[in-house]
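Chemist: What shape does this take:
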Amino acid sequence: MRKTLLIFIILIGFLSSNLFAQHYNENKLSYDYQQYSPQYGDSYNPVVSGVCSFVVPGLGQMVSGELLRGLLFTGSYAGCFGLWYYGYNQHFDGNHWGVAALMFGGAVGMIGIDLWSVVDAVKVAKVNSMYNRNNYRRSSINIEMSPYVDQIAINNQLSTPLGMTVRVKF
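Modeler: This next block holds a predicted model:
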């Protein structure tokens, strides 16, 4: 079951992002997540990323195009879970404080990484959406077509030419 879940997380990460896609660490220097306002057609939804990271820490980063960042959160969470699980399975042979410290440290680590992952996933989704929005706006070609109807006088006769007007913006 655990292997299947790990393979599923990695598969979603590879399908939803590219290893060489934009990088949050570069994008956050140019875009402030607090200036984000949702628009129709945004590439990443901060709510979806936050919920995904709450369910599986790091999944929201993967969905937002940051595979390696997401894998780091998932690995950190798995390490804290390993500490907690190791402490949970230790026999109480006189060293109660060490076992309790492992369990407590692992549990606090899991909770902390989960919350940090949710906040980070929302920030990553906002910044990467702003980057994509601006990048698509700069590199797009806008073509507007409209009908053309006018009346002109040629040799004292009214003529109505019909046509199409095309305006191309780069």
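
Chemist: any chance you could map the strands in this protein?
Modeler: 142-149, 152-154, 157-159, 162-169 (DSSP state E).

Chemist: Make TSV out of the ones you listed and add mean neighbour count and distance to residue 99.
Modeler: No exception for glycine: its C-beta is placed from N, CA and C like everyone else's. Formatted as TSV, those follow (neighbours: other Cβ atoms under 10 Å; distance: least, Cβ to Cβ, whole Å):
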stretch	mean neighbour count	distance to residue 99
strand 142-149	9	65
strand 152-154	8	94
strand 157-159	8	96
strand 162-169	9	68
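
Chemist: And the residue nearest the centre of the protein?
Modeler: For the chain, the residue whose C-alpha lies nearest the mean C-alpha position (Cα atoms, centre = their mean) is residue 64; its distance is 1.7 Å.

Chemist: Just give me the longest helix of the chain.
Modeler: helix 96-138 (DSSP state H).

Chemist: Please identify the buried residues of stretch 116-127?
Modeler: Judged by neighbour count using 16 or more other Cβ atoms under 10 Å, the buried positions of stretch 116-127 are 117-118, 120-127.

Chemist: mean confidence for that stretch?
Modeler: In this model, stretch 116-127 has an average pLDDT of 89.

Chemist: is it true that residue 100 touches residue 87?
Modeler: Yes. Proximity of residue 100 to residue 87 meets the contact threshold set by Cβ atoms under 8 Å, at 7.4 Å.

Chemist: Retrieve the pLDDT associated with the residue nearest to the centre of the chain.
Modeler: On the pLDDT scale, residue 64 gets 85.

Chemist: that older thread, tell me which strands and helices the longest helix of the chain is in contact with?
Modeler: helix 24-30, helix 46-55, helix 59-63, helix 67-88 (3 or more Cβ pairs under 8 Å, 6 or more residues apart in numbering; DSSP states H and E).

Chemist: In JSON lines: the ones you listed, plus distance to residue 158 and mean neighbour count.
Modeler: Shown next, in JSON lines, are these (distance: least, Cβ to Cβ, whole Å; neighbours: other Cβ atoms under 10 Å):
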{"stretch": "helix 24-30", "distance to residue 158": "57", "mean neighbour count": "14"}
{"stretch": "helix 46-55", "distance to residue 158": "59", "mean neighbour count": "20"}
{"stretch": "helix 59-63", "distance to residue 158": "62", "mean neighbour count": "28"}
{"stretch": "helix 67-88", "distance to residue 158": "66", "mean neighbour count": "18"}
